[in-house]
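In: sequence and predicted structure, then a few things I'm wondering about:
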Amino acid sequence: MSARPASPDSVPPDPGALLAWYDRHHRRLPWRVTPVDRESHGLLPDPYRVWLSEIMLQQTTVAAVKGYFEAFTQRWPTVEALAAADEADVMKAWAGLGYYSRARNLKACAETVVAQHGGRFPAEESALLDLPGIGAYTAAAITAIAFDRKATVVDGNVERVVTRLFAIEEPMPAAKPAVKRQAATLTPDRRPGDFAQAMMDLGATICTPKKPACALCPWERSCAARAAGTQELFPVKAPKAERPTRYGTAFVAIRADGAVLVRRRPPKGLLGGMTEVPSGAWTTAKSAADDLSAAPFEGPWRVLPTRVEHTFTHFHLIQTVRVLDVPQDRAAPAGMWWSPPAELGGEALPSVFRKVVSAALGRPV
DNA sequence: TAAACGTGGGT
DNA sequence: TACCCAAGTTT
């Protein structure tokens, strides 16, 4: 549908007013340079750190990212260091953050930046867009934040702010082009990097999905949705598809010394390239919860009394956990290996399998 | 264009 | 509890 103007006594949204708000209320984050350092001392953030943070922040909360960002920058302080890293180590370090194709693309991107750009991130949006794992949002974000060049940065926060500001009633994601067009009209020539971060901070702290703090918003008198009292109705979204339940069986073989049998998942698809305990296929058939055909050994597998549940983006999973104690000299089947207790925590185990192993061992992994 | 792709925290 | 949500990208 079309955008409505704000109320008759409204004022046009002023980018300067948002920047002034940001100067006072910006959040201090490990990958950021403060507005004062930027404006007074001409400081720009390290593009490597900006890029790394933006990849980690894709569909992921700031709280979840902080520790991983710290660990990655400590271990791999530069894009050269990351490009030279062992991919398995990167996957291990990423374990638990989710969306694991990001980790593989992260490594590939670092290699490309080193091999094709002399170890420097390009400042051009179009060049950034060609790099693995960098899409429209991230290319614009790096251009604006790392290089302080004008770019229209549209993430979920900006979508919410803009659809409310202009009361855009067209449902997402169809409204994306309209949102980008409106966002572009707001983006200032001066301080585009701070402006981008200001829009995102505004969405994260004031223009929140539920109960937005409109009284504290620098654009309150510019907001069409606020004028109509309909701010919580935006952005309009299409109804979500139902999430089916799937069932499966996981096999935790425990060697005498406490080592657990694990294997690598196929490189692509769900949890691609990550580590798992041997498991049967996850299907909507409940019989999968009682299927021993994927067991790595013959034996009296005992059933754990509690099934392990985990929710993915597009389905819910209920896993039966079966446990078997095996002697110390039992060889791992082809393609599998024994992970000793001291190394188990460092494996590239996604959360879904960390839950399974923890349940089987009776202690956190 | 729509579906695949994780996880943990908030309400 | 169940659902929603978070600084999206890829196919």
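Out: Here it is on my side, so go on.
In: switch to C-alpha atoms for all contacts and neighbour counts from now on
Out: OK.
In: neighbours around whichever residue of the stretch 251-365 of chain A sits closest to DNA strand C, how many?
Out: Residue nearest to DNA strand C within the stretch 251-365 of chain A: residue A:313 (6.8 Å; CA to the nearest atom of the strand). For residue A:313, the neighbour count with other CA atoms under 10 Å is 6.
In: kindly report the same for residue A:202.
Out: For residue A:202, using other CA under 10 Å, the count is 26.
In: would you say it is within a helix?
Out: Yes: counting by DSSP: H, G, I helix; E, B strand; the rest coil, residue A:202 is part of a helix.
In: what separates it from DNA strand C, distance-wise?
Out: 8 Å (CA to the nearest atom of the strand, to the nearest Å).
In: gap between that residue and DNA strand B?
Out: Residue A:202 is 16 Å from DNA strand B, by CA to the nearest atom of the strand.
In: tell me the contacts of that residue?
Out: A:157, A:161, A:217 (CA atoms under 8 Å, 6 or more residues apart in numbering).
In: how far away is it from residue A:192?
Out: 15 Å (CA to CA, to the nearest Å).
In: packing partners of the helix or strand containing residue A:115?
Out: For residue A:115, the host element (DSSP states H and E) is helix A:101-117. Counting by 3 or more CA pairs under 8 Å, 6 or more residues apart in numbering; DSSP states H and E, the packing neighbours recorded for helix A:101-117 are helix A:47-57, helix A:79-83, helix A:87-94.
In: which secondary structure elements does the last one contact?
Out: Taking 3+ CA pairs under 8 Å, 6+ apart as the contact definition, the neighbouring helices and strands of helix A:87-94 are helix A:62-75, helix A:101-117.
In: quickly compare the ones you listed and say which is most buried.
Out: helix A:101-117 (a mean of 19; mean count of other CA atoms under 10 Å).
In: and the very next helix or strand once past it, average pLDDT?
Out: Using DSSP H and E, the helix or strand that directly follows helix A:101-117 along the chain is helix A:125-129. The predicted model assigns helix A:125-129 a mean pLDDT of 98.
In: how about the residue of the stretch 251-365 of chain A closest to DNA strand C, what does it touch?
Out: Counting by CA under 8 Å, 6+ apart, residue A:313 has no contacts.
In: ok, back up a step: same list (the helices and strands packed on helix A:87-94) but as TSV, adding distance to residue A:28 and mean pLDDT.
Out: TSV is the format used below for these (distance: least, CA to CA, whole Å; pLDDT from 0 to 100):
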stretch	distance to residue A:28	mean pLDDT
helix A:62-75	11	97
helix A:101-117	24	98
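In: any chance of JSON lines for those helices, columns distance to DNA strand C?
Out: Output for those, formatted as JSON lines (distance: least, CA to the nearest atom of the strand, whole Å):
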{"stretch": "helix A:62-75", "distance to DNA strand C": "6"}
{"stretch": "helix A:101-117", "distance to DNA strand C": "7"}
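In: which stretch among the ones you listed comes nearest residue A:209?
Out: Of all the helices and strands packed on helix A:87-94, helix A:62-75 sits nearest to residue A:209, with 16.2 Å by CA to CA.
In: residues contacting the closest one, please?
Out: A:30, A:49, A:52, A:53, A:56, A:57, A:93, A:94, A:97.
In: among those, which ones lie close to DNA strand C?
Out: Restricting the contacts of helix A:62-75 to those touching DNA strand C (CA under 7 Å from any atom of the strand) yields A:53, A:57.
In: wait, which of the contacts of helix A:62-75 is closest to DNA strand C?
Out: For the contacts of helix A:62-75, the nearest to DNA strand C is residue A:57 (4.2 Å; CA to the nearest atom of the strand).
In: and for residue A:298, the neighbour number?
Out: Counted with other CA under 10 Å, residue A:298 comes out at 9.
In: the helix or strand of chain A with the lowest mean pLDDT vs DNA strand C: in contact?
Out: Across the helices and strands of chain A, mean pLDDT, DSSP states H and E gives its lowest value to helix A:35-41, namely a mean of 91. No: using CA under 7 Å from any atom of the strand, helix A:35-41 never reaches DNA strand C; the gap is at least 13.3 Å.
In: that helix: how far from the chain's middle?
Out: 29 Å (CA atoms, centre = their mean, to the nearest Å).
In: give me the angle between the helix holding residue A:115 and helix A:47-57.
Out: 160 degrees (axes from the mean of the first three to the mean of the last three CA atoms, to 10 degrees).
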